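Student: Below is the structure, and that's it, no one-letter string:
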């Protein structure tokens, strides 16, 4: 089973991994910009997300193995790897286990530490969507607003909607498996894993996912890490301030 991806541009391979409940489409605009800067961009859907396969197993070990299989299939070496949130955790594990395949690592708004479960309301709302009665995106948004008040978060979640057939909406994510394994999403990077190449951690100034107290742990796993803050941005920093996010990434990968 091979991960689905969209490949844009030519040049050094540059892999992008979305976050929990996201998909590669979330990165299309930035992916095109990175491609224009001279990279071969691989926008990847992780298992149980987007157009990639559904499977009952879900952990960072299997997500990293999926990516290894993808790199082997596409003969990717000397790649830049960027991951956001859950994708950042996959990226950290992959880079520490297969450092020979990665030249530079970029981690967006997540640290190597353990995070407690905090997606309860979102998963409850998505589970309660009844597509026998909900027939439009607008109706889905109105219903979901009972569980998720933030409009931007709902827009992000509703990107998972698709037409299963004419008149029948569904969700691309494998919701049952993601709910059953949601505790896996917060798992810490194994204590002794290290990546001793250039690494950039980007955090949103309005986000609490990467705190000053995380810096020592980041440096323990990634001795050459730089930590930069994107202004006017929360957890979805690449969507909330794409201009500054793009500049930070391009400055890092071309320096």
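Tutor: Noted; the coordinates are in hand. The structure presented is a predicted model; accordingly, all values stated were derived computationally and were not measured.
Student: which secondary structure element contains residue 229?
Tutor: strand 225-230 (DSSP states H and E).
Student: next one: residue 62
Tutor: Assigned by DSSP H and E, residue 62 falls in helix 60-73.
Student: residues making contact with that helix?
Tutor: Defining contact as Cβ atoms under 8 Å, 6 or more residues apart in numbering, one finds that helix 60-73 is touched by 2-3, 5, 15, 17, 42, 44, 46-47, 55, 76-77, 79, 89-90, 93-94, 97-98, 101, 184, 187. Any C-beta I mention is one placed from the backbone N, CA and C, and that applies to glycine too.
Student: What of stretch 117-135?
Tutor: 20-21, 140, 143-144, 146-148, 153, 157, 160, 167-171, 173, 175, 178-179, 182-183, 185-186.
Student: Which of those residues fall in helices?
Tutor: Among these, the subset assigned to helices under DSSP state H consists of 140, 143, 144, 153, 157, 175, 178, 179.
Student: Can you mark which positions in the strand holding residue 229 are buried?
Tutor: Neighbour counts over strand 225-230 (16 or more other Cβ atoms under 10 Å) mark 225, 227, 229, 230 as buried.
Student: and of the residues you listed, the nearest to residue 51?
Tutor: residue 230 (28.5 Å; Cβ to Cβ).
Student: The residue nearest to that closest one when sequence neighbours are not counted: what's it in contact with?
Tutor: Spatial nearest neighbour of residue 230, excluding adjacent residues (Cβ to Cβ, 6 or more residues apart in numbering): residue 237 at 4.6 Å. By Cβ under 8 Å, 6+ apart, the contact set of residue 237 is 108, 109, 202, 203, 204, 207, 230, 245.
Student: Check residue 87 too.
Tutor: 16, 17, 18, 19, 22, 46, 108.
Student: Which one (most neighbours) among those residues?
Tutor: residue 108 (31 neighbours; other Cβ atoms under 10 Å).
Student: ok, back up a step: name the helices or strands packed onto the strand holding residue 229?
Tutor: On a contact count with 3 or more Cβ pairs under 8 Å, 6 or more residues apart in numbering; DSSP states H and E, strand 225-230 meets strand 199-204, helix 215-221, helix 242-254.
Student: Would you point to the one among the ones you listed that's packed deepest?
Tutor: Compared across the helices and strands packed on strand 225-230, strand 199-204 shows the largest average neighbour count, a mean of 24 (mean count of other Cβ atoms under 10 Å).
Student: neighbouring contacts of that strand?
Tutor: So strand 199-204 is contacted by 95, 104-109, 111, 209-210, 218, 222, 224-230, 233-237, 240-241, 245, 248-249, 252 (Cβ under 8 Å, 6+ apart).
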